[in-house]
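Asks: Requesting a structural model of the entry that follows:
(one chain, ligands or ions: 1)
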Amino acid sequence: MTASTSRPAALRVAILVGSTREGRFAPVVTRWIKGHLDQREDMDVDVIDLAETPLPSVLPAFGAPPEPATAEALALVSPRLAAADAFVFITPEYNHSYPASLKNAIDWHNEQWHAKPIGFVSYGGLSGGLRAVEHLRVVMAELNAATIRNTVSLHNAWGSFDEEHGITEPASDAAVKTMLDQLAWWALALRDAKAVRPYAA
Ligand SMILES: Cc1cc2nc3c(=O)[nH]c(=O)nc-3n(C[C@H](O)[C@H](O)[C@H](O)COP(=O)(O)O)c2cc1C
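Replies: Down below sits the predicted model:
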């Protein structure tokens, strides 16, 4: 028997941009991370920017269908989350946690997160958004997701890029590569496992 040399199909990675704030710094970070993903042959990327696809903050009653306008808003986000093999969350730190806009998008969904890995890119002041990430780990465990150990965190993020929005610290590029390599390992392992045995939450 000869070993198969065919490469696995590219992983579908959804970048979820958590900040929706006016004047936000998120686009600079997102462009940098998307650049990394664009260079990888093992990943196809979809950027889901919650500022461009806002979701209402009022959830329907249990068992009730969403209002038509809500269903329309969800249709721009939910199928893309469902199609993803893995996620990269880009989150700032707000008051020692992550933004309400990101929690809202998480809470609108459930099985879309199941048995999928999540890598984190965080930014903020001195803490680099690490507290936001640790809060997200707890929340995403409840949703049957697998969070990646290595993170990318930008301390005083606005000082981490030059005028052309290029990252100034090579170690940050190295951190992205490590995180994405770990994300790929988990995404492939989980995709293979689910092909044999569907995940039962
Ligand atoms: C409501 C709010 C709370 C914040 N709280 C923190 C915080 O607890 N720790 C921190 O490091 N930075 C904090 N910051 C600074 C943000 O991390 C920083 O402004 C970052 O650029 C926000 O991301 P955004 O511009 O993409 O929205 C806060 C900013 C806002 C708007």
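Asks: what secondary structure does Thr30 sit in?
Replies: The assignment at Thr30 comes out as helix when based on DSSP: H, G, I helix; E, B strand; the rest coil.
Asks: what mean pLDDT does the helix ranked longest in the chain have?
Replies: Counting residues, the longest helix found in the chain (DSSP state H) is helix 170-196. For helix 170-196, the mean pLDDT works out to 97.
Asks: which secondary structure elements does that helix contact?
Replies: Judged by 3 or more CB pairs under 8 Å, 6 or more residues apart in numbering; DSSP states H and E, the packing partners of helix 170-196 are strand 11-17, helix 26-38, strand 86-92, strand 117-124, strand 152-155. Every residue, glycine included, has its C-beta placed from N, CA and C.
Asks: Take these and lay them out in CSV including mean pLDDT and distance to the ligand.
Replies: Shown next, in CSV, are those (pLDDT from 0 to 100; distance: least, CB to the nearest ligand atom, whole Å):
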stretch, mean pLDDT, distance to the ligand
strand 11-17, 98, 8
helix 26-38, 98, 4
strand 86-92, 98, 3
strand 117-124, 98, 3
strand 152-155, 98, 8
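Asks: Reformat those as a markdown table; add distance to Pro68.
Replies: Output for the helices and strands packed on helix 170-196, formatted as a markdown table (distance: least, CB to CB, whole Å):
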| stretch | distance to Pro68 |
| --- | --- |
| strand 11-17 | 25 |
| helix 26-38 | 29 |
| strand 86-92 | 28 |
| strand 117-124 | 31 |
| strand 152-155 | 39 |
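Asks: if we compare the ones you listed, which one ends up closest to His165?
Replies: Evaluated over those, closeness to His165 peaks at helix 26-38, with 5.1 Å, by CB to CB.
Asks: partners of the helix or strand following the closest one in the sheet?
Replies: The C-terminal neighbour of helix 26-38 among helices and strands, as given by DSSP states H and E, is strand 43-49. Counting by DSSP bridges, the strands paired with strand 43-49 are strand 11-17 (parallel).
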